[in-house]
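# coordinates only, sequence not included:
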Ligand SMILES: C[S@@+](CC[C@H](N)C(=O)[O-])C[C@H]1O[C@@H](n2cnc3c(N)ncnc32)[C@H](O)[C@@H]1O
């Protein structure tokens, strides 16, 4: 099957790791009334159609929605709707909601505000794909003083990953995130690397892929010591954009002292 797409959606379609994870989750769980929110080229609606009664493919961009209509025109149970989902009147309660507006830590895309709204239209036993995300942080040494994604950018990891947040989309998510947590470090550090793993279902996890959740690098003040723990406060607004991110070191502690205490 040949899909008509924009350059961006073409790259999304070429990311087979992303697509195969979604395909498995959809094959396992999509049924009944399905909404594919932010349908783009329509690929996830195409996956869902054989398992569903009706698929509503909602896409706000007019040009992309017209491509999706063309791509899905042979499928009698799929309807493409060119609408911003935040203004959309859901005609039926959903058995399954598919929503791929993911980005690292859910900060720069609308996944959380959109899924929060969609929950009102999900049956009690309904399901959201993806199921959730897991966010982790690592201490790094980086050259940039600005927040940036790690694509084609040099940095050195100076510690191991600490999981600092697990989000499940089946309950309303507070868009404002603020937490203080500790990450191990060794040597010179001046940044934090955020990595997001996607839980496509409770059991299928997808790491960052070429087009989904490239790790995010956030500058911190510089510290240079051996084997220490950094206590950092991180805050942002999910769906609010990268300029809502704030990260600050609160304290540092020797790793041996930390291990003795915990
Ligand atoms: C990351 S792309 C995913 C496309 C497709 N689902 C896929 O997996 O290839 C997200 C899509 O969501 C659409 N989108 C973003 N906000 C939206 C909104 N509020 N309502 C409907 N569509 C939206 C964008 O135009 C874009 O096509």
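Yes, it's here. All values reported here derive from a predicted model rather than from experimental measurement.

# Any regions of the stretch 1-150 of the chain where pLDDT drops low?
1 (pLDDT under 70).

# and it, which residues reach the ligand?
Proximity of the stretch 1-150 of the chain to the ligand is confined to 9, 12, 38-41, 43-44, 58-61, 64, 84-86, 100-101, 110, 114 under the rule CB under 6 Å from any ligand atom. Heads up, the C-betas are built off the backbone N, CA and C, glycines and all.

# Quick check on these: which are buried?
Using 16 or more other CB atoms under 10 Å as the burial test, those include 9, 12, 38-41, 43-44, 58-61, 64, 85, 100-101, 110, 114 as buried.

# Filter these down to just the ones in strands.
58, 59 (DSSP state E).

# the helices in the stretch 51-200 of the chain, which residues?
Under the criterion DSSP state H, counting those that start in this stretch, helices of the stretch 51-200 of the chain are mapped to 62-71, 111-118.

# can you give me the end-to-end distance of stretch 170-181?
25 Å (CA to CA, to the nearest Å).

# pLDDT of that stretch, averaged?
In this model, stretch 170-181 has an average pLDDT of 97.

# Can you give the contact residues for that stretch?
For stretch 170-181, the external contacting residues (CB atoms under 8 Å, 6 or more residues apart in numbering) are 105, 112-113, 115-116, 119, 127-128, 131-132, 137, 162, 164-165, 167, 231-240, 250.

# Give the buried residues for that stretch.
Applying 16+ other CB under 10 Å to stretch 170-181 flags 173, 177 as buried.

# tell me the domain ranges of the protein?
Per automatic domain parsing, the domain ranges recorded for the chain read 7-100, 133-261.

# what about the longest one, how long is it end to end?
Read it as domain 133-261. 30 Å.

# The first one too?
From the first residue to the last, domain 7-100 extends over 17 Å; the measure is CA to CA.

# Then stretch 243-259?
35 Å.

# Stretch 246-261 too?
With CA to CA, one end of stretch 246-261 sits 28 Å from the other.

# How far does that stretch sit from its chain's centre?
From the chain centre to the centre of stretch 246-261 is a distance of 28 Å (CA atoms, centre = their mean, to the nearest Å).

# Buried residues of that stretch, list them for me.
Here stretch 246-261 shows 247, 249, 252, 255, 258 as buried, counting by 16+ other CB under 10 Å.

# Which ones among these lie within strands?
Per DSSP E, the buried residues of stretch 246-261 map to strands at 247, 249, 252.

# Adding distance to residue 123, write the domains of the chain out as CSV.
As requested, these are exported to CSV (distance: least, CB to CB, whole Å):
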stretch, distance to residue 123
domain 7-100, 5
domain 133-261, 12
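
# what comes into contact with stretch 142-161?
Residues contacting stretch 142-161 (CB under 8 Å, 6+ apart): 104, 136-141, 183-191, 193, 195, 214-219, 242, 245.

# Which positions within that stretch qualify as buried?
Here stretch 142-161 shows 142, 147, 148, 149, 150, 155, 158, 159 as buried, counting by 16+ other CB under 10 Å.

# Go through this structure and flag its longest strand.
Max-length strand for the chain by DSSP E is strand 176-199.

# Is any residue of that one near the ligand?
No. Using CB under 6 Å from any ligand atom, we find that strand 176-199 stays clear of the ligand, coming within 11.8 Å at best.

# Would you mark the buried spots in that strand?
Going by 16+ other CB under 10 Å, strand 176-199 has these buried residues: 177, 182-186, 189-199.

# Tell me how far that strand lies from the chain's centre.
16 Å.

# strands paired with that strand, and their directions?
strand 132-142 (antiparallel), strand 205-206 (antiparallel), strand 216-237 (antiparallel) (DSSP bridges).

# for the helices of the stretch 51-200 of the chain, which one ends up most surrounded?
With neighbours defined as mean count of other CB atoms under 10 Å, the helices of the stretch 51-200 of the chain peak in mean count at helix 111-118, which reaches a mean of 21.

# What helices and strands are in contact with that helix?
The elements that helix 111-118 packs onto, with contact taken as 3 or more CB pairs under 8 Å, 6 or more residues apart in numbering; DSSP states H and E, are strand 33-37, strand 94-99.
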